[in-house]
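Engineer: sequence plus predicted model, see below.
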Amino acid sequence: MSHHHPHHHKAAAPSAGRGILIGVVVLVLLLAAVFAALWINRAPNATEAEDAARAAERAKNLSELQAADNAALTTYGWNDQAKGVVRIPVTKAMEMVLPSLNAKGTAATGASKPASPSPTPQQP
């Protein structure tokens, strides 16, 4: 007599179920990673906020410096009142200095006035 042992075959469903479960877990983890990345990138971090504040401060400082420079170059004022040193606009300073510079230049060359280019005659 032979003994016949019934073979118990595992059904394919539990193995397939395990694969589906692993797939679902992987999908959930991927979605969680994507949402986490989106959430992190949507909120500005402290460094970006500090950089923006520093950029605004630098722009304000530059504007103030340019305004002060413009005032120093275009207005009258005291540089040092105790020493009697005044500031005059650059254009006025040039008007005052140019005649003496031109006189020194003409005296050095011996000419009465700076030479100007003469027109060249045109041929008919």
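Structural biologist: Done, it's in.

Engineer: how many neighbours does residue 87 have?
Structural biologist: By the measure other CB atoms under 10 Å, the count of residues near residue 87 is 15. C-beta: built from backbone N, CA, C; applies to glycine.

Engineer: for the strand or helix carrying residue 19, what is the average pLDDT?
Structural biologist: Of the helices and strands defined by DSSP states H and E, residue 19 is found in helix 12-42. Helix 12-42 shows a mean pLDDT of 85 in the predicted model.

Engineer: show me where this protein has its strands.
Structural biologist: According to DSSP state E, the chain carries its strands in the segments 77-80, 85-87.

Engineer: Throw the ones you listed into CSV and include mean pLDDT, thanks.
Structural biologist: Converted to CSV, the strands of the chain look like this (pLDDT from 0 to 100):
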stretch, mean pLDDT
strand 77-80, 90
strand 85-87, 92
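
Engineer: adding distance to residue 54, write these out as TSV.
Structural biologist: Shown next, in TSV, are these (distance: least, CB to CB, whole Å):
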stretch	distance to residue 54
strand 77-80	32
strand 85-87	32
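
Engineer: so which of the ones you listed is nearest residue 60?
Structural biologist: With CB to CB as the measure, strand 77-80 is the member of these nearest residue 60 (23.2 Å).

Engineer: chain center to that closest one: distance?
Structural biologist: Distance, stretch centre to chain centre, for strand 77-80: 35 Å (CA atoms, centre = their mean, to the nearest Å).

Engineer: from the contact counts, what lies against that strand?
Structural biologist: Contact here means 3 or more CB pairs under 8 Å, 6 or more residues apart in numbering; DSSP states H and E; on that basis strand 77-80 packs against strand 85-87.

Engineer: and the strand it packs on, which strands flank it?
Structural biologist: Partner strands and pairing direction for strand 85-87 (DSSP bridges) are strand 77-80 (antiparallel).

Engineer: contacting residues around the strand it pairs with?
Structural biologist: Under the criterion CB atoms under 8 Å, 6 or more residues apart in numbering, residues 71, 85, 86, 87 lie in contact with strand 77-80.
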